[in-house]
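**Q** for reference, the sequence and a predicted model appear below.
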Amino acid sequence: MTTHRPLAKLAAALAGAAVLSASLSVQAREIAISTVLSDAFPWGQAAAKWAELVEERTEGRITMRVYPNSQLVNGDQTREFSAMRSGLIDAAVGSTINWSPQVPELNLFSLPFLLPDEAAVDAVTGGEAGEMVFAAIESRDVIPLGWGENGFRQLSNSRGAIDEPADLEGLKIRVVGSPLFQDTFDALGADPTQMSWADAKPALTTGAVDGQENPLSVFDVARIDQVGQEHLTLWNYMNDPLIFAVNRQVWESLEEGDREILREAAVEAGEWEIAMTREEESERLAAIQERGVTVTELSDEQYQAFVEATAGVHDEWIPKIGEEIVEAARASVESR
């Protein structure tokens, strides 16, 4: 009997190796998620939450690794959608602004002063226009799963308080790489300068640009007040929804049950992040004011002056976005 012990040990070792190999193969699926901001910001936290929920609910069969700071596209955030479409990126929690060069319908959310408040945002993303936006994304081989929110974008600068369009005359304002932003600030008499987020803070530090526009969460966490941005105008001129999405080939390679887990986790992570972002707004604003930033809130009359000054931007961009989707959004805003 002792002569068979080596064989028994070998058989046991092989069986153990097979079990280990099978276990590793089951757990080997990794999906890379691209984001522009890290988990110091709500945007990055949304991606981290999605990854956490997916890994937990698949019991480790699928892990999602987050790559912040646009690492997967060498810092060029406007290339994120095309990279995901082509399969260079598996998944992303991305901005409607950054994806708009490849998906013109996403410019809907950047039409100046279309969405006056959070209820309007929810009505649009949760309504017919939101469905049309998702259909436009899916037609380009990317599967949208859920909404998040970067928030309303506010205006800051180093020169002085801004409460009327004339105050923007000649100011160099950093904007993202979207022609619609260029046209909006041109209409307001400013001098818009397109640059990535990676280049924005150095440009503000040196005074190469006078101002920028971003949600309060970005202004607060990135300490934009430390680079001379002492004046902040709350004007809610546009909202920046986030979208959780996956490359079509990656999506189709998953089993139906895992697809549902990814979708449900994305929706849940988005709802969690939206609630958190909105709840923290007043606290962030108070912290910004405590650091010595002068905050200007517009009266209804002052707000309307900006609306009227940018009306021509709507005329130019609605045909590019699609009249049907804009009308659907306006109807949702009116009936909110």
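**A** Sure thing, it's come through.

**Q** ranges for the strands of the chain?
**A** 29-34, 62-67, 91-95, 142-157, 172-175, 191-194, 211-215, 231-234, 239-247, 294-297 (DSSP state E).

**Q** quick one: closest of these to Gly44.
**A** Closest to Gly44 of the strands of the chain is strand 62-67 (CB to CB; 7.0 Å). (Each C-beta comes from the backbone N, C-alpha and C, glycine too.)

**Q** what comes up buried for that closest one?
**A** 62, 64, 66-67 (16 or more other CB atoms under 10 Å).

**Q** quick check, nearest of these to Glu283?
**A** Of all the buried residues of strand 62-67, Val66 has the smallest distance to Glu283: 25.0 Å, by CB to CB.

**Q** any idea how far Arg284 is from that closest one?
**A** As judged by CB to CB, to the nearest Å, Val66 and Arg284 stand 23 Å apart.

**Q** and Phe134, by the same measure?
**A** To Arg284, Phe134 is 29 Å away according to CB to CB.

**Q** one more: Leu232?
**A** Noted for Leu232: a distance of 11 Å to Arg284, by CB to CB.

**Q** overlap in contacts, the two.
**A** Residues touching both Leu232 and Arg284 by CB atoms under 8 Å, 6 or more residues apart in numbering: Phe219.

**Q** quick check, central residue of this structure?
**A** Ser95 (2.9 Å; CA atoms, centre = their mean).

**Q** thought Phe81 was touching that residue, still the case?
**A** No. Counting by CB atoms under 8 Å, Ser95 stays clear of Phe81, with 9.7 Å between them.

**Q** contacting residues around the residue nearest to the centre of the chain?
**A** By CB under 8 Å, 6+ apart, the contact set of Ser95 is 36, 43, 77, 150, 240-243.

**Q** quick one: average confidence on the lengthiest helix in the chain?
**A** Counting by DSSP state H, the longest helix found in the chain is helix 256-290. Average pLDDT, helix 256-290: 97.

**Q** also stretch 181-201?
**A** On average, the pLDDT along stretch 181-201 is 94.

**Q** cool, and stretch 106-119?
**A** Stretch 106-119 carries an average pLDDT of 97.

**Q** can I get it as CSV, trimmed to CA atoms?
**A** C-alpha atoms of stretch 106-119 as CSV (Å, rounded to 0.1, in the frame of the first residue of the first chain):
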residue,chain,number,x,y,z
LEU,A,106,-25.2,65.1,-25.6
ASN,A,107,-24.8,68.8,-26.3
LEU,A,108,-28.4,69.1,-25.1
PHE,A,109,-27.1,69.4,-21.5
SER,A,110,-24.7,72.2,-22.4
LEU,A,111,-27.3,74.5,-24.0
PRO,A,112,-26.9,77.5,-21.8
PHE,A,113,-29.7,78.0,-19.2
LEU,A,114,-31.8,75.2,-20.6
LEU,A,115,-32.0,73.5,-17.2
PRO,A,116,-32.7,76.0,-14.4
ASP,A,117,-32.7,73.6,-11.4
GLU,A,118,-32.3,70.0,-10.2
ALA,A,119,-35.9,69.1,-10.8
